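A.B. asks: All I have is the shape, not the residue letters:
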């Protein structure tokens with residue numbers, strides 16, 4: 001029994017010595033792990049709160065869009081971009097504001113907002129929508145080369161028909177009918193066969209063919 005007690009005492013002493021040498025490191029590892037977990041939870045909570053706040057501000061943009069007052073819409077959209085520029089709400093707000101400015105004939109501000117979406121949005125679909133809208137504005141301004149640069153940007157297959165159609169419009173405006181015909185044909189091939197939009201593309205094709 002005495003031998004057993006001595007053996008247990010030796011194990012206790014060894015454990016004390018180990019703890020003296022390594023205990024502080026173990027505590028540090030545990031503390032770091034706990035802080036990491038707490039940090040992740042705080043980050044998730046912060047992101048959730050950010051999203052909720054951004055959604056609330058975006059709701060104000062939607063509300064102001066019914067006022068048909070570009071200043072109010074711009075102010076609301078800018079508030080979302082300033083405070084929550086990294087969220088999807090900011091890009092959507094800028095697109096809505098750009099549309100309001102185009103209707104108000106303020107092309108300069110609309111172009112700035114569309115470029116903001118292209119440069120800052122993390123959603124390819126929103127970037128592509130902004131490129132198409134901006135290219136359309138540049139077409140109206142006869143900035144053909146700049147419009148074509150936008151339309152030559154990489155994009156998902158789902159957007160190919162729309163890109164090709166607008167590219168046909170730009171080429172046609174430049175008098176490049178052969179290239180425009182090829183673009184319209186690509187658009188026709190890529191657009192959903194059930195879409196009524198195909199009728200408009202077909203009219204453009206027929207009109208160009210008749211002009212040759």
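C.D. replies: In hand now; what should we look at? Keep in mind that what you see is a predicted model, and the values were worked out from it rather than measured.

A.B. asks: Could you tell me how far residue 124 is located from residue 118?
C.D. replies: Distance, residue 124 to residue 118, using Cβ to Cβ, to the nearest Å: 11 Å. C-betas here are computed from N, CA, C, even on glycine.

A.B. asks: between those two, which one's more packed in?
C.D. replies: residue 118 (20 against 13; other Cβ atoms under 10 Å).

A.B. asks: mind checking which helix or strand residue 58 is in?
C.D. replies: Here residue 58 sits within helix 2-65, counting by DSSP states H and E.

A.B. asks: Can you name the element that comes right after that helix?
C.D. replies: Per DSSP H and E, helix 2-65 leads on to helix 70-84 as the next helix or strand towards the C-terminus.

A.B. asks: Check what contacts that next one and list those residues.
C.D. replies: With contacts defined as Cβ atoms under 8 Å, 6 or more residues apart in numbering, helix 70-84 is touched by 50, 53-54, 57-58, 60-61, 63-65, 67, 87, 89-90, 93-94, 96-97, 100-101, 103-104, 106, 109, 113, 116.

A.B. asks: Would you mind writing the ChimeraX command to select the buried ones in those residues?
C.D. replies: Those of these that count as buried under 16 or more other Cβ atoms under 10 Å are selected in ChimeraX with:
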select :54,57,58,60,61,64,65,87,89,90,93,94,96,97,100,101,104,106,109,113,116
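
A.B. asks: can you list the weak-confidence ranges in the protein?
C.D. replies: Residue ranges of the chain with pLDDT under 70: 1-50, 211-212.

A.B. asks: One more pass at 90, please.
C.D. replies: The chain contains residues with pLDDT under 90 at 1-68, 80, 84-90, 122-123, 154-156, 158-159, 191-201, 203-212.

A.B. asks: List the backbone torsions phi and psi for residue 155.
C.D. replies: Per-residue torsions, residue 155: phi -160, psi 160 (degrees, to the nearest 10).

A.B. asks: Please apply the same query to the one 3 residues further on.
C.D. replies: The main-chain torsion angles of residue 158 are listed as degrees, to the nearest 10 and equal phi -60, psi -20.

A.B. asks: What distance do you get for it to residue 168?
C.D. replies: In this view, residue 158 and residue 168 are 18 Å apart by Cβ to Cβ.

A.B. asks: Same check on residue 193?
C.D. replies: Going from residue 193 to residue 168 by Cβ to Cβ gives 18 Å.

A.B. asks: Those two: which has the busier surroundings?
C.D. replies: Taking other Cβ under 10 Å, residue 193 and residue 168 do not tie; residue 168 has more neighbours (27 against 7).

A.B. asks: For the closest residue to that one other than its chain neighbours, which residues are in contact?
C.D. replies: Among residues not flanking residue 168 along the chain, residue 183 sits closest, at 3.6 Å (Cβ to Cβ, 6 or more residues apart in numbering). Counting by Cβ under 8 Å, 6+ apart, residue 183 touches 164, 165, 167, 168, 171.

A.B. asks: in what helix or strand does the closest residue to residue 177 other than its chain neighbours lie?
C.D. replies: Distance criterion Cβ to Cβ, 6+ apart; nearest residue to residue 177, sequence neighbours excluded, is residue 208 at 5.4 Å. Assigned by DSSP H and E, residue 208 belongs to helix 197-211.

A.B. asks: elements contacting that helix?
C.D. replies: Under the contact definition 3 or more Cβ pairs under 8 Å, 6 or more residues apart in numbering; DSSP states H and E, helix 197-211 sits against helix 160-173, helix 177-190.
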